[in-house]
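What shape does this take:
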Amino acid sequence: MKKVITYGTYDLLHVGHINLLRRARELGDYLLVVLSSDEFNAIKNKKAYHSYEDRKIILESIRYVDKVIPEYTWEQKIKDVVDNDIDIFVMGDDWKGKFDFLKEYCEVVYLPRTEGISTTKIKEDLNLKKE
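Okay, the predicted model is just below:
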């Protein structure tokens, strides 16, 4: 069995998230999503609209996702890869090169993002509509 891992906050789920999850899952037989905890988002100065538990429930309902676990620190990636016997690490290409240190443990793949959509753009568009 080929195992794939990816990371993210997955707040305000959109088609870009679904495309990334689908393409990640197509690279293997099993997709593990490591979801930023509320505590980790606070460390990153990032505020999610949905709580960790709600985002986890949403991700678990997506057919491409086999399991969701929490992310608490930047440093846990090597441990996650080793402990879960991961073959492929996947991130969006806006992170290109940032996780190459994992190549010692697994294949690292950076997938192109879906054009024209992001959580940041959704938040900006919603703020514009309030004005």
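
could you dump stretch 19-34 to CSV, C-alpha only?
What follows is stretch 19-34, C-alpha atoms only, in CSV (Å, rounded to 0.1, in the frame of the first residue of the first chain):
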residue,chain,number,x,y,z
ASN,A,19,-8.6,19.3,-6.0
LEU,A,20,-5.5,19.1,-3.9
LEU,A,21,-7.0,16.2,-1.8
ARG,A,22,-8.1,14.3,-4.9
ARG,A,23,-4.8,14.7,-6.7
ALA,A,24,-2.9,13.8,-3.5
ARG,A,25,-5.0,10.6,-3.1
GLU,A,26,-4.5,9.7,-6.7
LEU,A,27,-0.8,9.4,-6.0
GLY,A,28,-1.4,6.5,-3.6
ASP,A,29,-3.8,4.1,-1.9
TYR,A,30,-4.2,6.0,1.4
LEU,A,31,-4.3,9.7,2.3
LEU,A,32,-3.5,11.0,5.7
VAL,A,33,-4.3,14.6,6.3
VAL,A,34,-2.5,16.4,9.1
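
same question for it, mean pLDDT?
Averaged across stretch 19-34, pLDDT comes to 98.

mind listing the helices for this protein?
In the chain, the segments counted as helices under DSSP state H are 15-26, 38-43, 52-60, 77-83, 119-130.

Which one of those helices lies nearest to Ile69?
Ranking the helices of the chain by proximity to Ile69 (C-beta to C-beta) places helix 77-83 first, at 7.5 Å. Every residue, glycine included, has its C-beta placed from N, CA and C.

rank the helices of the chain by pLDDT, which is bottom?
Note on the helices of the chain: lowest mean pLDDT is at helix 119-130, with a mean of 73.

What's opposite the closest residue to Gln76 other than its chain neighbours in the beta bridge?
When the adjacent residues along the chain are set aside, Gln76 lies closest to Val34, with 7.9 Å between them (C-beta to C-beta, 6 or more residues apart in numbering). Note on Val34: beta-bridge partners Tyr7, Ile69, judged by DSSP bridges.
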